[in-house]
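Colleague: give me a 3D structure for the following:
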Amino acid sequence: MKKNAISFAVILFLLPLSLHCQVLLGPWLPSVSEKGFTVNWETDVPCIVRLDVIESGKSDTLSFYSTLYGRSLTGTAHSVTADGLNPGTSYSYRVCSREVVDESRPYQLVYKDTESESEWYDVVTLDRGAGCCRFSMVNDIHGDKELFSTLFSDAPEMDFVLLNGDMVSYMTSIRTVKDQIVSPIADVLHSTPMFYVRGNHEGRGQEFFRFEEVSPSPDGKAWYAFRQGPVAFVVVDCGEDKPDSHPAYCGNAHFDSYRAEEVAWIASVTKEKWFRSAPVKICVSHIPMFVEEDSWYTQKQLHDMFLPVLNRAGIDLMLSGHFHSHSFTPAGHSGNDFPVLVNDSDERLDFYCDGKTMDIRIYDRDGNLAHTFVFKNGKLFQHQ
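Modeller: Predicted coordinates for the structure are as follows:
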């Protein structure tokens, strides 16, 4: 009996020394640019972390860290950006995590001697000089992980994933949000970056302010612009769909002034040379910007405030969601100089553009081709 007790005590003593910290979620790629990419992951215990990156065809390893004021951050939620990279270049990366034992005493920090290393994953940086742009888009999933997974079960090769709003119903728990966004297509997001567009539901819930942890941007805004090959994108944040004074917001909504700030940004960014020189220009907006007799408050405001600026920018196509059903609104319907394609909530939109032709194919949850759009030189050439 005494011998068994001693053996058990030895096992308990050695067990923590033999275990590595575990990656609970990820790694995934929440953003990418021409000069770098960001990798996020979560561990089961607080860790100090490192991101290793190797350019394809080279042997040198570049190491990047999660830091603030020159010191490494520790915790269970990790985000590290690799920067100073080259456009349109293939890289391999891995995440390395070392468990924190004791950080309570300055100059006597204690970490586990061994670290946990993920396998190597591949990623390609954006490139405005690329010959084509290809991505897959879904929207209005509302936390349905099974649907999300099903829609991407047969997705084609792509430059990035586009999540066009209301991917979750509420931002009540950032951990739940991350799980609903990453887990269903974890294998895809290891190597395929995602661009996340806020819908009206991403503004609901007590942890709405932590959206940056899911979709980081260089300037901390939920609106942004980027270019891949011949296509320039301006991504807008529509905010809530009802007036600021609506009782549902309990007096804490200020989206009118928020959208006024945003429209000024749109006017500025769409004048930049990299945007103006793109053969194809796309606006991604969760709420579509055309109006009908029964359109809600925000749809009308976006139409009145944003549409004139987008028309001047020469937008070729708007991609939207929000309505949970497919629709196509041609240019000229209600002051829009470009068509508006609204994607269904249970369909995946696959996009390919070589600068002259936009080929859009939309598949239902059973993998059947539901809709096809072909644009040539900015004009609708085929639709079925």
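Colleague: which elements pack onto the helix or strand where residue 53 lies?
Modeller: Assigned by DSSP states H and E, residue 53 falls within strand 37-55. Secondary-structure packing of strand 37-55 (3 or more Cβ pairs under 8 Å, 6 or more residues apart in numbering; DSSP states H and E): strand 23-32, strand 62-65, strand 74-82, strand 90-102. All C-beta spots, glycine's among them, are computed from the backbone N, C-alpha and C.
Colleague: mean neighbour count, those: which tops it?
Modeller: strand 23-32 (a mean of 22; mean count of other Cβ atoms under 10 Å).
Colleague: how far away is the nearest residue to residue 39 once chain neighbours are set aside from residue 384?
Modeller: Closest residue to residue 39 apart from its sequence neighbours, by Cβ to Cβ, 6 or more residues apart in numbering: residue 27 at 5.0 Å. Distance of residue 27 to residue 384, computed by Cβ to Cβ, to the nearest Å: 39 Å.
Colleague: what about residue 245, distance to residue 253?
Modeller: From residue 245 to residue 253 the distance is 8 Å (Cβ to Cβ).
Colleague: higher neighbour count, these two?
Modeller: residue 253 (17 against 10; other Cβ atoms under 10 Å).
Colleague: wait, isn't the more buried one in contact with residue 241?
Modeller: No: applying Cβ atoms under 8 Å as the test, residue 253 and residue 241 come out as separate, 10.8 Å apart.
Colleague: who touches both of these two?
Modeller: Residues touching both residue 253 and residue 241 by Cβ atoms under 8 Å, 6 or more residues apart in numbering: none at all.
Colleague: nearest to residue 265, of the helices and strands packed on strand 37-55?
Modeller: Smallest distance to residue 265 across those (Cβ to Cβ): 18.0 Å, for strand 23-32.
Colleague: what packs against that closest one?
Modeller: Counting by 3+ Cβ pairs under 8 Å, 6+ apart, strand 23-32 packs on strand 37-55, strand 90-102, strand 121-124, helix 174-182, helix 186-189, strand 194-197.
Colleague: what distance do you get for residue 26 to residue 162?
Modeller: 19 Å.
Colleague: with residue 253 instead?
Modeller: 26 Å.
Colleague: just residue 114 next, same as before
Modeller: The value you get for residue 114 to residue 162, if Cβ to Cβ is used, is 39 Å.
Colleague: which one of these two has more residues nearby?
Modeller: residue 162 (23 against 13).
Colleague: just confirm that one is within a strand.
Modeller: Yes: counting by DSSP: H, G, I helix; E, B strand; the rest coil, residue 162 falls inside a strand.
Colleague: what number of residues lie near the residue nearest to it when sequence neighbours are not counted?
Modeller: Closest residue in space to residue 162, ignoring its immediate chain neighbours: residue 137 at 4.0 Å, by Cβ to Cβ, 6+ apart. Other residues lying near residue 137 total 24 when counted by other Cβ under 10 Å.
Colleague: who touches residue 137 in this structure?
Modeller: Per Cβ under 8 Å, 6+ apart, neighbours of residue 137: 161, 162, 163, 164, 319, 343, 348, 349, 350, 351.
Colleague: whichever helix or strand it is part of relative to strand 160-164, how many degrees between them?
Modeller: Assessed by DSSP H and E, residue 137 sits inside strand 133-138. Orientation of strand 133-138 against strand 160-164 (axes from the mean of the first three to the mean of the last three Cα atoms, to 10 degrees) gives an angle of 40 degrees.
Colleague: pretty sure residue 330 sits against residue 339.
Modeller: Yes: when contacts are counted by Cβ under 8 Å, residue 330 is listed as touching residue 339 (5.2 Å).
Colleague: now for these two: what residues contact both?
Modeller: residue 380.
Colleague: among the two, which residue is more densely surrounded?
Modeller: residue 339 (22 against 12).
Colleague: give me the phi and psi for the more buried one.
Modeller: The phi and psi values for residue 339, taken as degrees, to the nearest 10, are phi -70, psi 160.
Colleague: now do the contacts for the nearest residue in space to residue 201 that is not next to it in sequence.
Modeller: Spatial nearest neighbour of residue 201, chain neighbours left out: residue 166 (4.4 Å); criterion: Cβ to Cβ, 6+ apart. Residues near residue 166 by Cβ under 8 Å, 6+ apart: 139, 140, 141, 142, 199, 200, 201, 202, 286, 321, 322.
Colleague: same question for residue 111.
Modeller: 48, 98, 99, 100, 101.
Colleague: and it, how far from residue 43?
Modeller: 13 Å.
Colleague: ok, back up a step: closest one of the contacts of residue 111 to residue 213?
Modeller: residue 48 (18.6 Å).
Colleague: what is the closest one paired to in the beta sheet?
Modeller: For residue 48, the beta-bridge partners are residue 74, residue 98 (DSSP bridges).
Colleague: what about it, how many neighbours?
Modeller: Applying other Cβ under 10 Å, I find that residue 48 has 21 neighbouring residues.
Colleague: kindly report the same for residue 260.
Modeller: 11.
Colleague: next one: the one 10 residues further on
Modeller: The local packing of residue 270 (other Cβ under 10 Å) involves 20 other residues.
Colleague: ok, now the one 3 residues further on?
Modeller: Neighbour count for residue 273, taken as other Cβ under 10 Å: 7.
Colleague: for it, what are phi and psi?
Modeller: Here residue 273 shows phi and psi, under degrees, to the nearest 10, equal to phi -60, psi -40.
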